[in-house]
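S.K.: When you get a sec, could you give me coordinates for this:
(chains A and B)
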Amino acid sequence: MPTFFEPKQIVTPGDLIAEGEYIAGENTYAEDKKIFASRTGLVEYDNKRVNVVALKAFYMPRAGDMVIGTVVEIGFNGWTININSPYQAFLRPADVLSRPFKPQKDELSQVLDMGDLIVAKIISYDRTHDPQITVAEPGLGKITRGQIVKVTPTKIPRIIGRQGSMVSMIKEQTGCQIILGLNGVVLITGKTLEDEQLALMAIHKIEEESHTSGLTDRITQMLKEEKSKQEEKKNE
Amino acid sequence: MSEKPEKLIDKKGIRLDGRKPDELRSIKLEVGVIPNADGSAYVEHGKNKILVGVYGPREVHPKHLALQDRTVLKCRYHMAPFSVQERKSPAPSRREIELSKVIRESLQPSIFMEYYPRTMIDVFIEILQADGGTRCASITAASLALADAGIPMRDLVVSCAAGKADDTIVLDLMDEEDKQGKADVPVALMPNLNAITLLQMDGKLTHEEFESAVNLAIDGCKRIYSMQKEALKAKYINVKEEAEE
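M.R.: Got it, this is the predicted structure:
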């Protein structure tokens, strides 16, 4: 049962990764006991399972995921939300108002208007229906302040890091609050604009260099350097 | 244009542009050249210059075109007015509409269409400069752009033509050989699966000649395939080297 690539090596679509009793995991497919890559990414073996960690992909909704979206349409009985995915999500008013929705009395645009950003959770999605989202849980709802960055959705786990090491380090260094939407949208809220800019820089760097080694240390170093630069400027 | 050359191949077996019969033109491939698109590629194949942008999977407009069980692939092959010697009208011609269809059908088998029902993938192919064999170069570039967009694929599609100039079977026809040669056989291939997705023939060839032309084209495809893979990896490997130094 040979494998043809080392872990963390880059593969392109169509590359034969393994042959024999293997299971096709993420971004791979099997044909006649052969496992091929279906996206550009890094090879990863998990016992008999062969995965490819994609370097670029788009977000596919999954029930239970936390996402950040934009209101793009206000209908008669709900909002259409762009969640940075091939499918647009639907938000029902009852979930936002936390009481029954009365079409005669309630004006939807008063609650959430076009272009408003929300943190939401996906409640259902399948091949035949567009995803439905809700904001009726603590921590979800309209975003009032902060900055938004978009990254490739596959890089969100890298920004989180092993057991949250990366994101907690950035939070600690910059003093910002960071909410990671699994759809590749990140919300950063800090005390000052400079803090937010710093966190933004770190996230951009992670996105660009997500497939390289020793990244957490390099980000820490970069943040410390940038912070001391800012202090110097203040003192002048 | 200059006068018609009398012979496409000289006594030594060298072609008009100095190539041997089984030699490819110089090829340059690059991905991620259009930041606004989800995926993009730029290819220089001899004097051909082609830019491809891929968008999607995204919502289908108009909505009634959506398919309930798979995604819709749309291709637009377009030649810029300045891409040829005499100005080409920017309106889509008969030939462009046909090539759009041919390219779409040669890319379709490589994509997992059933993964994303009710969506659409747009492929825009812009020919900036044409010099024979644009359909092949377009397929090669479009497949790269699809991979760059992160669309799951069975394999990359590579394409290359072979044909008959004077009485020799030659690889990768350029403009003069295409127009004055005796036959043109474009082939598109998914090399790892060993599956042909496009096979056309224009002109006259005997059975034997056809077979050797197809084999020569497949050989050319495989050579371009390795360049294609390098181009896809280069985008990430360069970053890695810079970061880790």
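S.K.: can you give me phi and psi for the closest residue to chain B within chain A?
M.R.: Closest to chain B within chain A is residue A:14: 3.1 Å, counting by C-beta to the nearest C-beta. Backbone N, C-alpha and C define where each C-beta goes, glycine included. Per-residue torsions, residue A:14: phi 100, psi -10 (degrees, to the nearest 10).
S.K.: Give me the packing partners of the longest helix seen in chain A, helices and strands only.
M.R.: When chain A is parsed with DSSP state H, its longest helix is helix A:215-235. For helix A:215-235, the packing partners by 3 or more C-beta pairs under 8 Å, 6 or more residues apart in numbering or on different chains; DSSP states H and E come out as helix A:165-174, helix A:193-208.
S.K.: Export stretch A:3-18 to CSV, keeping only CA atoms.
M.R.: What follows is stretch A:3-18, C-alpha atoms only, in CSV (Å, rounded to 0.1, in the frame of the first residue of the first chain):
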residue,chain,number,x,y,z
THR,A,3,1.8,6.5,-0.6
PHE,A,4,3.3,8.9,-3.1
PHE,A,5,3.7,12.1,-1.1
GLU,A,6,5.2,13.1,2.2
PRO,A,7,2.9,14.8,4.8
LYS,A,8,2.7,18.6,4.2
GLN,A,9,3.9,18.2,0.6
ILE,A,10,1.9,20.3,-2.0
VAL,A,11,-0.4,18.4,-4.4
THR,A,12,-2.4,19.6,-7.3
PRO,A,13,-5.8,18.3,-8.6
GLY,A,14,-5.4,14.8,-10.1
ASP,A,15,-2.2,13.8,-8.2
LEU,A,16,-2.2,10.2,-7.1
ILE,A,17,-1.6,10.3,-3.4
ALA,A,18,-2.0,6.7,-2.2
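S.K.: Show which residues not belonging to it make contact with it.
M.R.: A:1-2, A:19, A:22, A:28, A:34-45, A:50, A:52, A:55, A:211, B:110, B:147, B:152-156, B:190-193, B:228-229, B:232-233, B:236-237 (C-beta atoms under 8 Å, 6 or more residues apart in numbering or on different chains).
S.K.: Which ChimeraX command selects the buried ones in these?
M.R.: Selecting only the buried entries of these in ChimeraX, with 16 or more other C-beta atoms under 10 Å in any protein chain shown as the criterion:
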select /A:22,28,34,35,36,37,38,39,40,41,42,43,44,45,50,52,55,211 /B:110,147,152,153,154,155,156,190,191,192,193,228,229,232,233,236
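S.K.: For the nearest residue to residue A:134 once chain neighbours are set aside, which three-state class applies?
M.R.: Excluding its sequence neighbours, the residue lying closest to residue A:134 (C-beta to C-beta, 6 or more residues apart in numbering or on different chains) is residue A:95, at 4.4 Å. Following DSSP: H, G, I helix; E, B strand; the rest coil, the label given to residue A:95 is helix.
S.K.: Correct me if wrong: residue A:95 contacts residue A:136.
M.R.: Yes: between residue A:95 and residue A:136 there is a contact under C-beta atoms under 8 Å: 4.5 Å.
S.K.: who's more crowded, the two?
M.R.: residue A:95 (19 against 15; other C-beta atoms under 10 Å in any protein chain shown).
S.K.: Contacts only, for the more buried one.
M.R.: A:134-136.
S.K.: quick one: it from residue A:9, how far?
M.R.: For residue A:95, the distance to residue A:9 equals 45 Å [C-beta to C-beta, to the nearest Å].
S.K.: How about residue B:159?
M.R.: 27 Å.
S.K.: more neighbours, the two?
M.R.: Between residue B:159 and residue A:9, counting by other C-beta under 10 Å, residue B:159 is the more crowded of the two (28 against 14).
S.K.: Report the beta-bridge partner residues of that one.
M.R.: residue B:188 (DSSP bridges).
S.K.: and it, what does it touch?
M.R.: B:106, B:135-140, B:186-189, B:198, B:221, B:224.
S.K.: Can you name every helix or strand that the helix or strand containing residue B:179 contacts?
M.R.: Using DSSP states H and E, residue B:179 falls within helix B:175-180. Counting contacts by 3+ C-beta pairs under 8 Å, 6+ apart, helix B:175-180 packs against strand B:158-165.
S.K.: Would you list the strands that the helix or strand residue A:148 falls within pairs with, along with their directions?
M.R.: Using DSSP H and E, residue A:148 sits within strand A:147-150. Note on strand A:147-150: by DSSP bridges, its sheet partners are strand A:185-189 (antiparallel).
S.K.: Would you mind putting the CA coordinates of the strand it pairs with into CSV?
M.R.: Only the C-alpha atoms of strand A:185-189 are listed here, as CSV (Å, rounded to 0.1, in the frame of the first residue of the first chain):
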residue,chain,number,x,y,z
VAL,A,185,-15.0,36.5,7.6
VAL,A,186,-13.2,37.8,10.7
LEU,A,187,-14.4,40.5,13.0
ILE,A,188,-11.8,42.5,15.0
THR,A,189,-12.9,44.9,17.8
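S.K.: tilt between that strand and helix A:193-208?
M.R.: 150 degrees (axes from the mean of the first three to the mean of the last three C-alpha atoms, to 10 degrees).
S.K.: Contacts for strand A:185-189, please.
M.R.: Contacts of strand A:185-189 (C-beta under 8 Å, 6+ apart): A:67-69, A:84, A:117, A:119, A:143, A:145-151, A:156, A:159, A:176-181, A:196, A:199-200, A:203.
S.K.: Same question for stretch A:206-224: list its buried residues.
M.R.: Within stretch A:206-224, the residues that count as buried by 16+ other C-beta under 10 Å are A:206-207, A:209-212, A:215-216, A:218-220, A:223.
S.K.: Tabulate the helices and strands packed on helix A:215-235 (TSV), appending distance to chain B and mean pLDDT.
M.R.: As requested, the helices and strands packed on helix A:215-235 are arranged in TSV below (distance: least, C-beta to the nearest C-beta, whole Å; pLDDT from 0 to 100):
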stretch	distance to chain B	mean pLDDT
helix A:165-174	15	90
helix A:193-208	6	89
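S.K.: Can you add distance to residue B:114 and give those back as CSV?
M.R.: Output for those, formatted as CSV (distance: least, C-beta to C-beta, whole Å):
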stretch, distance to residue B:114
helix A:165-174, 35
helix A:193-208, 30
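S.K.: Three-state assignment for the residue of chain B found nearest chain A, please.
M.R.: Distance from chain A to each residue of chain B (C-beta to the nearest C-beta) is smallest for residue B:155, at 3.1 Å. Classification of residue B:155 using three-state DSSP returns coil.
S.K.: contacting residues for it?
M.R.: A:13-14, A:36, B:110, B:190-193, B:195.
S.K.: from those, which is closest to residue B:180?
M.R.: Using C-beta to C-beta, residue B:191 is the member of the contacts of residue B:155 that lies nearest residue B:180, at 30.6 Å.
S.K.: Select from the contacts of stretch A:3-18 every entry located in helices.
M.R.: The members of these that map onto helices under DSSP H are B:147, B:228-229, B:232-233, B:236-237.
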